[in-house]
Every structure is written in structure tokens, then in C-alpha cells.
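Peer 1: Structure here, sequence nowhere to be found:
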């Protein structure tokens, strides 16, 4: 019985990988669509991914130097922290290099989307952790929602700051041409 | 190094950064980065900018110094 379960698991896993690969190939080879990012943005995104990768690797190494008690206390966050750090670095780098939002995209829409998702995550976190963020000596899973909520609020603020800086840059440019 | 030739050619055509960006299919910030000298465009984008502004590559992108 357990053998059958194992085989079914392998088949389902292989099917998922095939479907995911097909979707990625389809997206990568879609012709005739307007490009979402220009060449400078693509380059900046590439650098952003590089910095995010190294950040994730460095953060993932940190637990090697932590004591067992701290590892137990961190619980699932031990595995999610490198991902969150990588995501935050990538998005921050891309936002401040105008490479996060697609070409000529209105930032207001994304600010509202990030605000809504961020608030939803924070609400879930506080609902899950009304009696504290620690249970049986380790962090509850609600802390992940809290982290996501905080990251989304940070992203929203970054986009807001960058759009203000860009607006100022346009004003300065128009003034210098006048 | 700032690309003042591009800025002058664009102003000569009475185009804003956004107008030029839209004409060549890039973001306004990319044109701004090229003018500020923060980004070196590919030859494909250089040609596209030159064609839009009615200039040659030498006139806009050749460094005299």
C-alpha cells in the first residue's frame, strides 16, 4: 500500500513539474506580445535576482551558527526567512531601479493591491496570534503572515517613495528644458 | 558621462522624455538613465532613438573627447 502511495506521489510530482515546465516554456516563447520590460529593466531585474540569490544563500547559512534552542524557537521561520529576505532584496532593488513594475504601468493600482494583501496578511497574523506569537517554545505559523504583511507594506512604501521621486525628476527635467 | 546631445536632439524635436520613450518602446526612466549617462543602451535601442530623432549614431552617441 505504501509502495503504491509512493508511486502515485512520484507520478503526481512528475506531472506537476511537466505542467509547470510547459507553462514556463509557453510564457517564454509567446511572440507578438508587447514587451513588458525594456532592455534596461531586464538587466536591472537580472542584477536584482543575483543580489536576491546571494542574500538568500547568506541568510540560509546563518542557522549553522545558531544554538539548538534558537532553532527550535524559530521553527518554520528558519526555512522561510531566506526566501523572504531574497524576495525583499529583489523587489527593493528592482523598485529603486524602476524595474519592478512593467513599462508605463500606473503605480497607484499596485500600491492599492499591495496595501490590501498586506493588511489581509496582518489581520490573519493578529487573528492567529491573539494569545501571543509563541506556542510550545516556538514561533507560531501566524508569524509568517505577519512577516508577509510587513514585507508587503514595505514594498508599498518603496513604490510610493519611488513614484514621488520620479514625479519630482520629471518636474526638474521639464524645468531645465524650459 | 551625461549625454547632452541626446537631450538637445530631443528638445529640438520638442519631445519630452516620455514622448521619446513611447516612440522607441522603452520606459521614460530608461531615456532618463541614458541622458544621465547611467545606462549604455544596446545598438538596437541607439538606432531606434536615432531614427526617431532623425539623427545619425555619430551625432548622438559619438563621444568627441
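Peer 2: Looks like it arrived, so ask away. This structure is a prediction, so every number in the text was calculated from the model and none was measured.
Peer 1: pLDDT score for residue 30?
Peer 2: Let's take chain A. On the pLDDT scale, residue A:30 is placed at 62.
Peer 1: meant chain B actually
Peer 2: Model confidence at residue B:30, given as pLDDT, is 93.
Peer 1: Which residue, other than its chain neighbours, is closest to it?
Peer 2: Take residue B:30 and drop its neighbours on the chain: the residue closest to it by Cβ to Cβ, 6 or more residues apart in numbering or on different chains is residue A:40, 4.4 Å away. The way it works is simple: take the backbone N, C-alpha and C, and place the C-beta from them, glycine included.
Peer 1: Distance of that neighbour relative to residue B:45?
Peer 2: Taking Cβ to Cβ, to the nearest Å as the measure, residue A:40 falls 9 Å from residue B:45.
Peer 1: Now the common contact residues for the two.
Peer 2: Counting by Cβ atoms under 8 Å, 6 or more residues apart in numbering or on different chains, the residues touching both residue A:40 and residue B:45 are residue B:26.
Peer 1: Mind checking what helix or strand follows the helix or strand where residue A:41 lies in sequence?
Peer 2: For residue A:41, the host element (DSSP states H and E) is helix A:39-61. Beyond helix A:39-61 on the C-terminal side, the first helix or strand identified by DSSP H and E is helix A:68-74.
Peer 1: Show me how far that next one is from its chain's centre.
Peer 2: Using Cα atoms, centre = their mean, to the nearest Å, the distance from the centre of helix A:68-74 to the centre of the chain it belongs to is 25 Å.
Peer 1: Stretch B:15-24 now?
Peer 2: Taking Cα atoms, centre = their mean, the mean C-alpha location of stretch B:15-24 is offset from the chain mean by 9 Å.
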